[in-house]
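In: sequence first, predicted coordinates after that:
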Amino acid sequence: MVELKQLKTTQPELADAVDMQVALVDMQRRVQARVPLPWIQPDAEWLSRQQAAGRPLVRFEDIPLDWTDFRLTFRQTADILRRYEALEPDDHETILAFGRDGNSLEPLVKQWYAATSGVDGGDARERAPEGAPASLDQVLVLAIRPFLARCAEVLMQRSDLASWSHGHCPICGWEPDFAVVMPNGARRLICGRCLGQWAFGAFTCPFCSNDDRALVTSFATRDGRYRVYACDVCRRYLKAYDARNASRPVMVAVDSIATLPLDAAAMQRGYVG
């Protein structure tokens with residue numbers, strides 16, 4: 001929170017984005033403090049099959065969800081996004097309607113997680129009910145984060161995750177939203193949903209697996225703190241915090257906002273986040 005407030009001072013043009021992030025982080029932190037650590041002990045044979053198939057480890061029933069807390073988090077997330085105009089008014093009302101209907105929210109979240117995690121080989125095209133706004137994804141990702149982050153805390157200690165070689169998260173199956181270049185030069189991807197981390201090739205695209213370094217465009221901020229890795233095959237890009245000469249570890253909540261100008265630069269070059 002201190003870093004975010006300092007960012008608002010040093011980059012006043014990011015003030016609205018910082019204020020929204022402060023509200024989201026504060027809300028998520030209060031919820032996560034009440035979430036118990038889950039007991040996840042998958043069967044060794046099942047675990048081996050999952051890894052061989054490139055499927056993540058956290059099944060929906062493993063997530064320590066308290067539905068009272070989740071409904072509140074879901075509604076507050078939508079309200080925060082609307083307050084800072086990151087959600088259209090009609091989408092906001094539609095999403096709140098899902099939260100008010102106690103009989104529809106739970107199956108909706110189960111369907112969305114099954115489809116987007118791929119734990120059981122679900123189809124991501126079946127992630128949401130017909131007519132649901134595309135922004136529902138963003139609200140669900142942020143609302144479930146305090147609960148899935150607890151799963152990541154437990155599973156990131158497992159040594160068998162070191163063999164994971166896929167571009168999607170080994171914990172919840174979501175895409176990386178950020179990365180960190182470690183002091184030894186290795187790169188770790190950071191999940192955009194559960195904030196889990198995993199090692200991945202420094203110049204391999206996590207979205208299409210292109211590993212031809214000549215087809216990966218990389219550029220950095222003037223101070224070298226942040227980098228962009230942009231794939232010239234699929235035209236996707238990923239931002240990263242360079243910890244090789246840094247005074248602190250990566251802080252995704254801060255660094256994802258501090259690098260918004262890099263998003264603009266990447267998109268001007270024709271890449272997509």
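Out: In hand now; what should we look at? Residues are numbered from 1 along each chain as shown.

In: give me the number of residues near Y241?
Out: When neighbours are counted by other Cβ atoms under 10 Å, Y241 registers 23. Where you see a C-beta, it was placed from the backbone N, CA and C, and this is true even at glycine.

In: so it sits right up against A253, yeah?
Out: No. At 11.8 Å, Y241 does not count as touching A253 under the criterion of Cβ atoms under 8 Å.

In: do a quick rundown of the helices in the stretch 1-150 of the chain.
Out: Per DSSP state H, counting those that start in this stretch, the stretch 1-150 of the chain carries helices over the ranges 2-10, 15-32, 44-53, 67-83, 89-100, 102-117, 136-155.

In: okay if I get these as JSON lines plus distance to L262?
Out: Conversion of the helices of the stretch 1-150 of the chain to JSON lines gives the following (distance: least, Cβ to Cβ, whole Å):
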{"stretch": "helix 2-10", "distance to L262": "14"}
{"stretch": "helix 15-32", "distance to L262": "13"}
{"stretch": "helix 44-53", "distance to L262": "33"}
{"stretch": "helix 67-83", "distance to L262": "22"}
{"stretch": "helix 89-100", "distance to L262": "27"}
{"stretch": "helix 102-117", "distance to L262": "26"}
{"stretch": "helix 136-155", "distance to L262": "20"}
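
In: find the residue at the geometric middle of the protein.
Out: Nearest residue to the geometric centre of the chain (Cα atoms, centre = their mean): G192, 0.9 Å.

In: C172 is in contact with that one, correct?
Out: No. Assessed by Cβ under 8 Å, G192 is found out of contact with C172, at 9.7 Å.

In: so where is the stretch 1-150 of the chain shaky, pLDDT-wise?
Out: Per-residue confidence for the stretch 1-150 of the chain (pLDDT under 70) gives these ranges: 102.

In: returning to what we had before: out of the helices of the stretch 1-150 of the chain, which gets nearest to G201?
Out: Proximity to G201, assessed across those by Cβ to Cβ, is greatest for helix 44-53 (17.6 Å).

In: quick one on the thing from earlier: can you tell me the closest non-neighbouring residue to the residue nearest to the centre of the chain?
Out: On the basis of Cβ to Cβ, 6 or more residues apart in numbering, the spatially nearest residue to G192 that is not a chain neighbour turns out to be D177, at 2.8 Å.

In: okay but that neighbour is in contact with G196, surely?
Out: No. With contact defined as Cβ under 8 Å, D177 does not count as touching G196 (11.1 Å).

In: give me the common contacts of the two.
Out: I190 (Cβ atoms under 8 Å, 6 or more residues apart in numbering).

In: compare these two (neighbour count), which wins?
Out: G196 (26 against 18).

In: need the contact list for the more buried one.
Out: If you count contacts by Cβ under 8 Å, 6+ apart, G196 has them with 152, 155-156, 169-172, 190.

In: could you rerun that using 7 Å?
Out: Neighbour list for G196: 152, 156, 169, 171-172 [criterion: Cβ atoms under 7 Å, 6 or more residues apart in numbering].

In: just the buried residues of those residues.
Out: Burial by neighbour count, judged by 16 or more other Cβ atoms under 10 Å, picks out 152, 169, 171-172 from these.

In: filter the residues you listed down to the ones in helices?
Out: Counting by DSSP state H, the buried ones among the contacts of G196 place A152 in helices.

In: tell me which of the buried ones among the contacts of G196 is nearest to D90?
Out: D90 has its nearest neighbour among those in C172, at 29.1 Å by Cβ to Cβ.

In: most remote residue from this protein's center?
Out: Centroid-distance maximum for the chain: E45 at 28.1 Å, with Cα atoms, centre = their mean.

In: what number of residues lie near I144?
Out: Neighbours of I144 under the rule other Cβ under 10 Å: 22.

In: quick check on A132: phi, psi?
Out: phi -70, psi 140 (degrees, to the nearest 10).
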